[in-house]
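A.B. asks: Below: sequence and its predicted model.
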Amino acid sequence: MKAARWYGVKDIRVEDVAEPAPGPGEVKVKVAWTGICGSDLHEYLAGPIFVPVGEDHPLSHDQAPITMGHEFCGVVTELGDGVTGLAPGDRVAIEPIFACGSCPACLEGKYNLCDQLGFVGLSGGHGGFAAHSVVPARMVHKMPDALSMEQGALVEPAAVALHAVRLSKIKAGDMAAVFGAGPIGLLVVEALRVAGAAQIHVVEPSEVRRQKALELGATSAIDPMSEDAVAAIRAATGGVHVAFEVTGVPQVLPQCIDATRHEGQTLIVSIWEGEASFHPNTAVLKERQLQGTIAYRNVYPAVMELMTQGYFSADKLVTKRISIDAIVAEGFEALVAEKSHVKILVEAPD
């Protein structure tokens, strides 16, 4: 079967690989759609970050080259021994987290903080940029009948956004800022609406993405190339309660901190390619907090329920649909060259 595999920086190859078969406790899925994530783009431009190179990942037991794609959905086609509660024909979204189950975080149920954390399609396993995938049954979530398969491919990134907002200090009636209106940033805007934020100020250089942020419910959308974003936010709010950093751009982190009020919180959502710095006194003198967040835990059912209510809509967020053969030129390279794209979905090959 065809699969898109990561070999190195700017070296993703579409090639034929063996079709996987499910072992005990595993499920085989005919992939429908897979989204290209910002994490995928980081691996393409500056990896390896999560991709294991030179030695196997301790949980996937794989190393590069690996089949990419972790934002995916499909239809169950085969069950391994011992799998219950699922049947061929079930439409499912995949929660692609590898976790050991035995480290302190896992034992507390915080499996996204596992000491050996990995992701299908980043850390090995049978990623979604392929015709078929095999995953442990615990990664499989049945989709409500009301959701399209395209919506299924957005469950994973929407889960990132919902978990970030849940982890934050935001309360109904609070004010928030979102720095970066890529796919995750826009999903954070929607999650903030769910949480009852009274004002949501978005900072984003792309005009198309700023307009999309306003369409999704942002109070304002600020172009940081033409005005001082921090000054604009502070003029409108006096300082927000929570700022979400969703760019991974080093100079943005101190801006997020400066945009918050006393005792404000900056939530760092991005995966970073390098270091960022800020002056500690900006946190000390106002008793501000910095909080990191990674992936999600126990939120897929809530995400899909919100989707049935109209949140995290594929119709509003998907800007391009491509075949796997075009994944480099029309997918990864398009995201590098055209910052107007929000979410690009890759249709699985037959």
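C.D. replies: On my side now, so go ahead.

A.B. asks: residues contacting the closest residue in space to P52 that isn't next to it in sequence?
C.D. replies: Nearest non-adjacent residue to P52, counting by CB to CB, 6 or more residues apart in numbering: Q63, 4.4 Å away. The way it works is simple: take the backbone N, C-alpha and C, and place the C-beta from them, glycine included. Q63 makes contacts with P52, V53, G54, E55, D56, H57, G124, as judged by CB atoms under 8 Å, 6 or more residues apart in numbering.

A.B. asks: 10 Å - rerun?
C.D. replies: Applying CB atoms under 10 Å, 6 or more residues apart in numbering to Q63 gives the contacts P48, V51, P52, V53, G54, E55, D56, H57, S123, G124.

A.B. asks: Quickly note the distance from it to E55.
C.D. replies: Note on Q63: its distance to E55, by CB to CB, to the nearest Å, is 6 Å.

A.B. asks: Next: A130.
C.D. replies: Counting by CB to CB - A130 and E55 are separated by 23 Å.

A.B. asks: Looking at those two, which one has more neighbours?
C.D. replies: Here A130 and E55 are compared on neighbour count by other CB atoms under 10 Å; more neighbours surround A130, at 27 against 7.

A.B. asks: excluding its backbone neighbours, what's nearest the more buried one?
C.D. replies: On the basis of CB to CB, 6+ apart, the spatially nearest residue to A130 that is not a chain neighbour turns out to be A3, at 3.7 Å.

A.B. asks: cool, H163 as well?
C.D. replies: In space, H163 comes closest to Y296 once its chain neighbours are excluded; the distance is 3.8 Å by CB to CB, 6+ apart.

A.B. asks: For L335, see how far away that neighbour is.
C.D. replies: The spacing between Y296 and L335, counted by CB to CB, is 22 Å.

A.B. asks: ok, back up a step: which secondary structure elements does the strand or helix carrying the residue nearest to A130 sit against?
C.D. replies: Under the criterion of DSSP states H and E, A3 resides in strand 2-8. Applying 3 or more CB pairs under 10 Å, 6 or more residues apart in numbering; DSSP states H and E, one finds that strand 2-8 contacts strand 11-16, helix 38-46, strand 66-67.

A.B. asks: What segments of the stretch 51-200 of the chain are helices?
C.D. replies: 104-107, 149-152, 155-167, 183-195 (DSSP state H, counting those that start in this stretch).

A.B. asks: Report the central residue of this protein.
C.D. replies: Centre of the chain computed as the mean C-alpha position; nearest residue by CA atoms, centre = their mean is P157, 3.5 Å away.

A.B. asks: mind listing what E275 touches?
C.D. replies: Counting by CB under 10 Å, 6+ apart, E275 makes contact with P250, L253.

A.B. asks: Model confidence at the residue nearest to P52, what's the number?
C.D. replies: According to the per-residue confidence, Q63 scores 97 in pLDDT.

A.B. asks: repeat for H341
C.D. replies: Among the per-residue scores, H341 holds a pLDDT of 87.

A.B. asks: SS state for it?
C.D. replies: coil (DSSP: H, G, I helix; E, B strand; the rest coil).

A.B. asks: Count the residues that sit near it.
C.D. replies: For H341, the tally of surrounding residues (other CB under 10 Å) stands at 20.

A.B. asks: Not counting its neighbours along the chain, what's nearest it?
C.D. replies: Of all residues beyond its chain neighbours, the one nearest H341 is T319 (4.9 Å), with distances taken as CB to CB, 6+ apart.

A.B. asks: A302 now?
C.D. replies: Nearest residue to A302 in three dimensions, chain neighbours excluded: L162, at 6.5 Å (CB to CB, 6+ apart).

A.B. asks: ok, now E26?
C.D. replies: Closest residue in space to E26, ignoring its immediate chain neighbours: G80 at 4.1 Å, by CB to CB, 6+ apart.

A.B. asks: how near is that neighbour to S123?
C.D. replies: Applying CB to CB, the value for G80 to S123 is 21 Å.

A.B. asks: Please identify which of those two sits among more neighbours.
C.D. replies: Taking neighbours as other CB under 10 Å, G80 and S123 compare with S123 leading, 26 against 16.

A.B. asks: For the closest residue to the more buried one other than its chain neighbours, give me its contacts.
C.D. replies: Leaving aside its chain neighbours, S123 sits nearest to H57 (4.6 Å; criterion: CB to CB, 6+ apart). Contacts here follow CB under 10 Å, 6+ apart; on that basis H57 touches 50-51, 63-64, 66, 98, 116-119, 122-125.
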